[in-house]
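Chemist: test case, fold it:
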Amino acid sequence: MEKYTYFISKKTKIEGTLTLPDEVNNPPVCLFIGGSFPQTRDGNLDNSKKDWFPVTLPERNLFKDEAKLFEGLGYATFRYDKRGCGESEGNCDTVDLSDLVNDAREAIKWLKTLPEVDNNRIGILGQSEGAVIALMLASENLNLAFYIWQGGVYRNLEDILFWQRDNFWKLEQGAIENFKNTFPLMYWVYAQTDELWNKIKQGETNFKLGDETWSKDFYLPLWKQHYDHPPYEFISEIKCPVLLLHGELDHNTPYTEALLAEEALKQAGNSQVTTHIFPGLDHSFRRLGNPDEDFITAMKRPLDVQVTKAIRQWVKSDLEFRRYDL
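Modeler: Numbering: from 1, shown residues only. Now for the predicted structure:
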């Protein structure tokens, strides 16, 4: 059963969907936290933001599909439109990291007030930038039941951005041109990386991406905050069970980030870590037709069965075993 509802964060209404499994009293609940740029509750880039995405992009429905998966496992889920996206209030053009972290934290506080769910069994799942936000929250000793990382980052954002840039320009020219036409925002980030990153480190507020065919006044404080607070600073504080999921052909964040996170978690004393690196899958867990295929094209494909199988197995074995073993 789906319920359209909302919570309040910094006097801003954040709209979302609460999914409750049928015939399960007080189920555990998983909060979904979306990735970078304007995104909706279902895990889609917000096509209504034409200044961000002038070409309509495919709906991958990553969170919508995963909510159905968790529902079948007897778990409730809550997924929300990011601040200023979908039906949520706010301005996505000037959101910063503290806003995004606070929104997710307020979502957890709100879930703890709901009579329909088990308030002592709240976990978080983050995708891409959302995995970093979830990581930061999991380190805050919020008594979370679990943390699921999907295509996250362990090192500094600077390292990831330059890795993305260098790999992008190795693609075939046709793939580069297709990406420029379908996702000009990231094309120009890669075309102007050096100048952009210098402005970020200098603490500038805005930077104009693009040329006369497409341009955007890009807000930089969010990126500066990521630079100042790399994920590896938080990971040693995570004590709950962790599931690390990463596509081997992820063009947004290398799968080695998950391996670094696994090693750091274990070195910090967390023995409840499970890692899956999926051969042939990209950032959204779609199977690529070839290693150089862009993720926009791959979005049209379904969530790969290997991912749903891994989540299902982990929830039914590791999580439920730990629940009854306490």
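
Chemist: residues touching residue 140, list them.
Modeler: 105, 237 (C-beta atoms under 8 Å, 6 or more residues apart in numbering). Glycine gets a C-beta too; all of them are placed from N, C-alpha and C.

Chemist: and it, its phi and psi?
Modeler: Torsion angles at residue 140 (phi, psi; degrees, to the nearest 10) stand at phi -90, psi 10.

Chemist: quick one: the helices in the stretch 151-300 of the chain?
Modeler: With helices called from DSSP state H, counting those that start in this stretch, the stretch 151-300 of the chain shows them at 157-168, 173-182, 184-191, 193-201, 221-228, 256-267, 295-298.

Chemist: could you dump those helices into a markdown table with distance to residue 214 added?
Modeler: A markdown table is the format used below for those (distance: least, C-beta to C-beta, whole Å):
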| stretch | distance to residue 214 |
| --- | --- |
| helix 157-168 | 17 |
| helix 173-182 | 9 |
| helix 184-191 | 4 |
| helix 193-201 | 15 |
| helix 221-228 | 20 |
| helix 256-267 | 30 |
| helix 295-298 | 15 |
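
Chemist: what's next to stretch 99-113, contact-wise?
Modeler: 7-10, 12, 14, 16, 29, 31, 33, 78, 80, 82-83, 90, 117, 119, 122, 124, 129, 133-134, 136-137, 140, 142, 144, 222.

Chemist: geometrically speaking, which residue is the centre of the chain?
Modeler: Nearest to the geometric centre of the chain sits residue 127, at 2.1 Å (C-alpha atoms, centre = their mean).

Chemist: phi first, then psi, for it.
Modeler: Dihedral pair for residue 127: phi -110, psi 120, per degrees, to the nearest 10.

Chemist: verify the contact between it and residue 151 for me.
Modeler: Yes: with contacts counted by C-beta atoms under 8 Å, residue 127 reaches residue 151, the gap being 6.2 Å.

Chemist: relative to residue 242, which of the helices of the stretch 151-300 of the chain is closest?
Modeler: helix 256-267 (6.0 Å; C-beta to C-beta).

Chemist: that closest one: which residues count as buried?
Modeler: For helix 256-267, burial by neighbour count (16 or more other C-beta atoms under 10 Å) applies to 257, 258, 260, 261, 262, 264, 265.
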